[in-house]
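Student: Next one to model:
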Amino acid sequence: MIRTYKFKLYKSKRLKCLHELVNLSAEIYNHCIALHKRHYKFYGKSLNLYRLQKHITRLKKLPKYAHWNNLGSQAIQSITERIDEGYKKFFRHENKRPPTFKKKRKYKSFTLKGFVGYKLNNNILTINKRNYKLWLSKKIEGKIKTLTVKRDSLGDFWVLATALVGNVKPANRATSGKSVGVDFGLKTFLTLGGRHLTLTGKEREIESPLYFLNSIGEIRKLSRALSKKKKGSNNRRKARFDLARLHRKIAFQRDDFFHKTANMLAFEYEYVFIEDLNLNGMQRLWGRKVSDISYGGFVNILSYKTNVVKIDRFYPSSKECYDCGYVYRELSLKERVWICPNCGNAHKRDNNAADNIHRVGTSTLAGGIVRPTMPANAVDSRIPCL
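Tutor: Just a heads-up that it's a prediction; the model follows:
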């Protein structure tokens, strides 16, 4: 099991050295991008990773590039590996464009592997014989695999330590065998489902906070103020920090909501069933509202707090009647309540979807750890072949 710990560094004059290392990482990154582009232009194929790493090693011995030695060799290897992976994804058509140049101001981080290039003793991080104090809010468990020093848009530094630990069960996680189906929505963030639940009405719904959309007026105001400032001026720098500070506040609010909601589900239910949503398709349809809700980020947090089971994204959870299994394919997104043409029962769209997700999810668990509310053969007969 892999865990990532995030700590903030204390502000001090020494952080200037970390700024220089991040800028140096950007310089090496852009140099590698230029080499890749030149190699592809001459030979019509991408540059091999190991040839690039050997070339960088030779460059560091030259006086012109001697300052590259200030950045650890593991960090340089991480840069070349990230670029190589970006080109592979581009050629596999997973990314729309290949890696490109980045401005130093927008470059964010460098990564050190294992225990090479740094020392971490309690709350003291040592890099290049300089000590930096961090807010050690939680003890790091397990063996550290990577350590990333990240600079945010406000110039603050964060340390992200990725550690390999055993299969440790999170504290307070439910072990009762209780399960719940979860349906995501745009107006309602989560709808809890399962006919075994005693929750009714609003108790089954968790409203979406929409932190970004609620702050859109202030964001526009600060964006207009930034656009009016002269480029390169001190006032423009202050305006940029004001806007970045607001965006960071929104991100922190969203993360706080995600963790509290995930903890609530993890303390109550041992299994959470969700749909495997096509987030890219949803993004194209509904734009920034999907980004504001950030389903993917919530599922990542929920996954390491409890057992998350995904069901097939093509299963018509909203269109299938929970009571008789009839699939109402003409159901539109505008219809929030519908009546089954077969049995005549009325269904709230989201509640019906959550109940169906729970039923199908329980049927997929091996060994009958959580028993479905209906016989397995009845459940299977209702799932259409798509």
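
Student: what's Val22 in contact with, if anything?
Tutor: When contacts are counted by Cβ atoms under 8 Å, 6 or more residues apart in numbering, Val22 is found next to Lys104, Tyr107, Lys108, Ser109, Phe110, Val149, Arg151. All C-beta spots, glycine's among them, are computed from the backbone N, C-alpha and C.

Student: Please look at Lys289 and Gly185 and confirm they touch.
Tutor: No - using Cβ atoms under 8 Å, Lys289 and Gly185 do not qualify as a contacting pair, with a distance of 11.0 Å.

Student: Give me the more crowded residue out of those two.
Tutor: More crowded of Lys289 and Gly185, by other Cβ atoms under 10 Å: Gly185, with 19 against 16.

Student: Rebuild the contacts of Val22 as TSV, extending it with distance to Glu20.
Tutor: Formatted as TSV, the contacts of Val22 follow (distance: Cβ to Cβ, whole Å):
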residue	distance to Glu20
Lys104	10
Tyr107	12
Lys108	15
Ser109	14
Phe110	11
Val149	12
Arg151	11
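
Student: Where does Pro209 sit: helix, strand or coil?
Tutor: On the three-state scheme (DSSP: H, G, I helix; E, B strand; the rest coil), Pro209 is labelled coil.

Student: Distance from the chain centre to whichever helix or strand Leu24 is part of, please.
Tutor: Using DSSP states H and E, Leu24 falls within helix 15-43. Centroid separation for helix 15-43 versus its chain: 26 Å, with Cα atoms, centre = their mean, to the nearest Å.

Student: next SSE after it?
Tutor: Downstream of helix 15-43, the first helix or strand assigned by DSSP H and E is helix 49-59.

Student: Against which helices or strands is that next one packed?
Tutor: In terms of contacts (3 or more Cβ pairs under 8 Å, 6 or more residues apart in numbering; DSSP states H and E), helix 49-59 is packed against helix 15-43, helix 73-91.

Student: Quick check: which of those has the most neighbours on average?
Tutor: Stretch with highest mean neighbour count among those: helix 73-91 (a mean of 18; mean count of other Cβ atoms under 10 Å).

Student: Give me the helices and strands touching the helix or strand that that one is followed by, please.
Tutor: Using DSSP H and E, the helix or strand that directly follows helix 73-91 along the chain is strand 109-113. Packed against strand 109-113, as judged by 3+ Cβ pairs under 8 Å, 6+ apart, are the following elements: helix 15-43, helix 73-91, strand 143-151.

Student: can you put the ones you listed in a markdown table and add distance to Thr126 and mean pLDDT?
Tutor: Shown next, in a markdown table, are those (distance: least, Cβ to Cβ, whole Å; pLDDT from 0 to 100):
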| stretch | distance to Thr126 | mean pLDDT |
| --- | --- | --- |
| helix 15-43 | 12 | 94 |
| helix 73-91 | 15 | 93 |
| strand 143-151 | 11 | 92 |
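
Student: Just send these back as CSV, with distance to Ile311 too.
Tutor: Output for these, formatted as CSV (distance: least, Cβ to Cβ, whole Å):
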stretch, distance to Ile311
helix 15-43, 40
helix 73-91, 27
strand 143-151, 32
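
Student: Between those, which one is closest to Tyr269.
Tutor: Evaluated over the helices and strands packed on strand 109-113, closeness to Tyr269 peaks at strand 143-151, with 30.7 Å, by Cβ to Cβ.

Student: Report the buried residues of that closest one.
Tutor: For strand 143-151, the neighbour count (16 or more other Cβ atoms under 10 Å) marks Ile144, Thr146, Leu147, Thr148, Val149, Lys150, Arg151 as buried.

Student: so which pair among those residues is furthest apart in space?
Tutor: Checking the buried residues of strand 143-151 with Cβ to Cβ, the most distant pair is Ile144 and Arg151, at 20.2 Å.

Student: how close does Tyr315 sit to Thr306?
Tutor: Distance of Tyr315 to Thr306, given as Cβ to Cβ, to the nearest Å: 21 Å.
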